[in-house]
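A.B. asks: Return a 3D structure for these sequence lines:
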Amino acid sequence: MYVLKTKETDNSVIEFIESVDSAKKREDAYKLLDIFTETSGYEAKMWGPSIIGFGTYHYKYASGHEGDAPLVGFSPRKAKISLYFATGDTKREELLKRFGKHTSGKACVYINKVTDINEAVLRELIQQSIEFLQEMYPKQ
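C.D. replies: Predicted structure coming up:
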């Protein structure tokens, strides 16, 4: 049976940020911590060893696979900063057009530094992701 690797932990968010090698990435991580906390209204929690997540939702797919995940989050990785927003909502793509310098994969949006992006659009992405996921996966 598949076991989800990324689970909420009791690890310290601040200790994790302090362990980031790059001083600039640490500075950006603290800035993102403030933005995500203020915008989401949720306390930051570590998910797995390297994702800082906010809020939580329980998903269940048609395949029967289910689990818990953060509503939004980020991770200051070595190469780029990964931002985690909901996928599947067309509003996300519209917002990303105004977001600033980024690349995106299936689930992640990647930035080099916070100054490359539009902070107001980041706040909109956070709110949109939370609303979308709470509508898709209402609490039981």
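
A.B. asks: Bridged to I117, which residues?
C.D. replies: Per DSSP bridges, the residues bridged to I117 are G100.

A.B. asks: Report the spatially closest residue to G48, excluding sequence-adjacent ones.
C.D. replies: The shortest distance from G48 to any non-neighbouring residue, by Cβ to Cβ, 6 or more residues apart in numbering, is to T6 (4.1 Å). Placement of C-beta: from N, CA and C, glycine included.

A.B. asks: Pull the residues that contact stretch 21-29.
C.D. replies: For stretch 21-29, contacts defined as Cβ atoms under 8 Å, 6 or more residues apart in numbering pick out 17-18, 20, 52, 74, 76, 78, 81, 113-114.

A.B. asks: Any of those buried? List them.
C.D. replies: By neighbour count, with 16 or more other Cβ atoms under 10 Å, the contacts of stretch 21-29 hold 17, 20, 52, 74, 76, 81, 114 as buried.

A.B. asks: what about the fourth one, is that helix, strand or coil?
C.D. replies: Secondary structure, DSSP: H, G, I helix; E, B strand; the rest coil: F74 is strand.

A.B. asks: OK, contacts around it?
C.D. replies: With Cβ under 8 Å, 6+ apart, F74 has these contacts: 29, 32, 36, 51-52, 81-84.

A.B. asks: measure it to Y110 for me?
C.D. replies: 10 Å (Cβ to Cβ, to the nearest Å).

A.B. asks: okay, now S75: neighbour count?
C.D. replies: Neighbour count of S75, defined by other Cβ atoms under 10 Å: 21.

A.B. asks: Would you check that it makes contact with G53?
C.D. replies: No: S75 lies out of contact with G53 (Cβ atoms under 8 Å); the separation is 9.3 Å.

A.B. asks: can you list residues touching both of those two?
C.D. replies: With Cβ under 8 Å, 6+ apart, S75 and G53 have common neighbours Y84.

A.B. asks: tell me the average confidence for stretch 87-105?
C.D. replies: Stretch 87-105 shows a mean pLDDT of 94.
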